[in-house]
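In: Sharing a model that was predicted from the sequence below.
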There are 2 protein chains.
Amino acid sequence: MRTDTAQRFVEAWGAMGSLWGINRSVARVHALLMASEEPISLEEIAERLQISKGNASMSLRELRNFGVVRQVEVPADRRDFYVTEPDVWTMFFRILGERKRREFDPALQAIHGLASEAGATGAVRGRLEQMADLLATVEGVVNRFLQDPQSSRAALAFVAGMPFGDKARRKRG
Amino acid sequence: MRTDTAQRFVEAWGAMGSLWGINRSVARVHALLMASEEPISLEEIAERLQISKGNASMSLRELRNFGVVRQVEVPADRRDFYVTEPDVWTMFFRILGERKRREFDPALQAIHGLASEAGATGAVRGRLEQMADLLATVEGVVNRFLQDPQSSRAALAFVAGMPFGDKARRKRG
DNA sequence: CCGTATGTTCAGATTATTCTGAACATACGA
DNA sequence: TCGTATGTTCAGAATAATCTGAACATACGG
């Protein structure tokens, strides 16, 4: 990928990071790896993104924890090199699953308990029950994806109203 | 709802706010309104949540912009009172739609342009195309929901692997 | 018009997040 | 063993997000 194109991609992905709840540096490191055919060393990452080695090291650790980046050996080189996992959908749902575990599950527990308590009546009770349903559905979709990304992807594409795997832009109107 | 239960609900929802990308105060105001049968005035909100009137005012504005809270009149009272929109799923997707518009769409534009550029080749090009697909699917799902929440809700519940509207916990194993 | 009740705004304070860089750890060859 | 290359950690600096509170705006009754 040409350098300027890669550059713009890195920044676009970095800006999007906040949407998945990952920080800018982490998203930019991820983008750089996605935009590269070859494994890259920690030092080169820090240089290309103009961040400290410390920041690069921490960002890479987080990406490895997410399971979207992996370390590879380069013969006759002591340094660690990194590559991105090849499947973008898998990456996406690994990140989603990780966030779910960290942030969603604890809050779900709390709200779930409340919905079944005797405290609420009338409209409030109805809302809490609806909410518990909604959260359970979101949880179910994410779990389903983590178990079987392939078929879930198809299902989601169907919900989106487009044929599975169709890369062509649909005509509108 | 009993006060202590409401309290715990407010805090649980506040903690979950970051998941939808809304700030703690905004989420807590929202939770308080969800937990209340009656309309509440700005001043009471500020008092109950221990936040300043200024913060309460700004949070309510954001919630009105999201379309999840609405102002109501109380006869013979000059103050503004607020209630939450009744349908939780609608609320959820209004918030999602608003975030999409604010943060997702601009980034999507940038990445979309790049995917079709000549710059990328080989594995990198494949990844970019996959990513454009993924983002288009996510966009499609959200758009579909905004257009037709009812049937999309059913579709999503199906993807989640549970019969629509089934509130009972499924047996596992 | 004035005074009061209510709501909004925004500059600056507070708090939380992110980043740096130097100290430290590790592994290897000589 | 020592020196070098590399990676990690974490205290404190830099930055960003959030919140407060006082000044300001508005609307009403008198």
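Out: It's in.
In: drop to CA atoms for contacts and neighbour counts, all remaining ones
Out: OK.
In: What score does the closest residue to residue A:127 other than its chain neighbours have for pLDDT?
Out: Distances taken as CA to CA, 6 or more residues apart in numbering or on different chains place residue B:88 nearest to residue A:127, at 6.5 Å, with adjacent residues excluded. With respect to pLDDT, residue B:88 has a value of 80.
In: what's around residue B:88, how many residues?
Out: 21 (other CA atoms under 10 Å in any protein chain shown).
In: and what of residue A:148?
Out: Every residue meeting other CA under 10 Å relative to residue A:148 is counted, giving 12.
In: So which elements touch the lengthiest helix in chain A?
Out: Longest helix in chain A by number of residues (criterion: DSSP state H): helix A:122-147. On a contact count with 3 or more CA pairs under 8 Å, 6 or more residues apart in numbering or on different chains; DSSP states H and E, helix A:122-147 meets helix A:88-99, helix A:105-115, helix A:149-159, helix B:88-99, helix B:149-159.
In: Kindly present the ones you listed as CSV, with separate columns for distance to residue B:31.
Out: Below are those laid out as CSV (distance: least, CA to CA, whole Å):
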stretch, distance to residue B:31
helix A:88-99, 22
helix A:105-115, 11
helix A:149-159, 30
helix B:88-99, 11
helix B:149-159, 22
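In: To residue A:2, which of those lies closest?
Out: helix A:88-99 (20.7 Å; CA to CA).
In: Name the residues of that closest one that come out as buried.
Out: A:88-91, A:93-97, A:99 (16 or more other CA atoms under 10 Å in any protein chain shown).
In: quick one: contacts of it?
Out: Identification of contacts with helix A:88-99 by CA atoms under 8 Å, 6 or more residues apart in numbering or on different chains yields A:20-21, A:66-68, A:85, A:142-143, A:145-146, A:149, B:127, B:130-131, B:134.
In: Give me the buried subset of these.
Out: A:21, A:66-68, A:142-143, A:145-146, A:149, B:127, B:130-131, B:134.
In: which among those are in contact with DNA strand C?
Out: Near DNA strand C, judged by CA under 7 Å from any atom of the strand, there are no entries from the buried ones among the contacts of helix A:88-99.
In: Taking these, tell me the two that lie furthest apart.
Out: Checking those with CA to CA, the most distant pair is A:143 and B:127, at 23.9 Å.
In: residues from chain A in reach of DNA strand D?
Out: So chain A meets DNA strand D at A:41-43, A:53-55, A:57-58, A:61, A:77-81 (CA under 7 Å from any atom of the strand).
In: Can you select the buried ones from the residues you listed in ChimeraX?
Out: Selection of the buried residues among these in ChimeraX, burial being defined by 16+ other CA under 10 Å:
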select /A:41,42,43,81
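In: mind putting the residues of chain A next to DNA strand D in TSV, distance to residue A:103 included?
Out: Below are the residues of chain A next to DNA strand D laid out as TSV (distance: CA to CA, whole Å):
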residue	distance to residue A:103
A:41	31
A:42	29
A:43	32
A:53	28
A:54	26
A:55	23
A:57	24
A:58	20
A:61	19
A:77	39
A:78	37
A:79	34
A:80	31
A:81	31
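In: Just the residues of chain A next to DNA strand D: which are in strands?
Out: A:41, A:81 (DSSP state E).
In: what does the least confident helix or strand in chain A by mean pLDDT rub up against?
Out: Ranking every helix and strand in chain A by mean pLDDT, DSSP states H and E puts helix A:105-115 at the bottom, with a mean of 79. Applying CA under 8 Å, 6+ apart, the external contacts of helix A:105-115 come out as A:125, A:128-129, A:132, A:135, B:5, B:9, B:12-13, B:15-16.
In: Columns distance to residue A:29 on top of these, output as JSON lines?
Out: Putting those into JSON lines (distance: CA to CA, whole Å) gives the following:
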{"residue": "A:125", "distance to residue A:29": "45"}
{"residue": "A:128", "distance to residue A:29": "40"}
{"residue": "A:129", "distance to residue A:29": "41"}
{"residue": "A:132", "distance to residue A:29": "36"}
{"residue": "A:135", "distance to residue A:29": "31"}
{"residue": "B:5", "distance to residue A:29": "43"}
{"residue": "B:9", "distance to residue A:29": "37"}
{"residue": "B:12", "distance to residue A:29": "33"}
{"residue": "B:13", "distance to residue A:29": "32"}
{"residue": "B:15", "distance to residue A:29": "28"}
{"residue": "B:16", "distance to residue A:29": "27"}
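In: Tell me the one among those nearest to DNA strand D.
Out: Checking the contacts of helix A:105-115 against DNA strand D by CA to the nearest atom of the strand gives residue B:15 as the nearest, at 11.1 Å.
In: Give me the number of neighbouring residues for the closest one.
Out: 20.
In: Packing partners of the helix or strand hosting it?
Out: Per DSSP states H and E: residue B:15 is located in helix B:3-20. With contacts defined as 3+ CA pairs under 8 Å, 6+ apart, the packing partners of helix B:3-20 are helix A:105-115, helix B:24-34.
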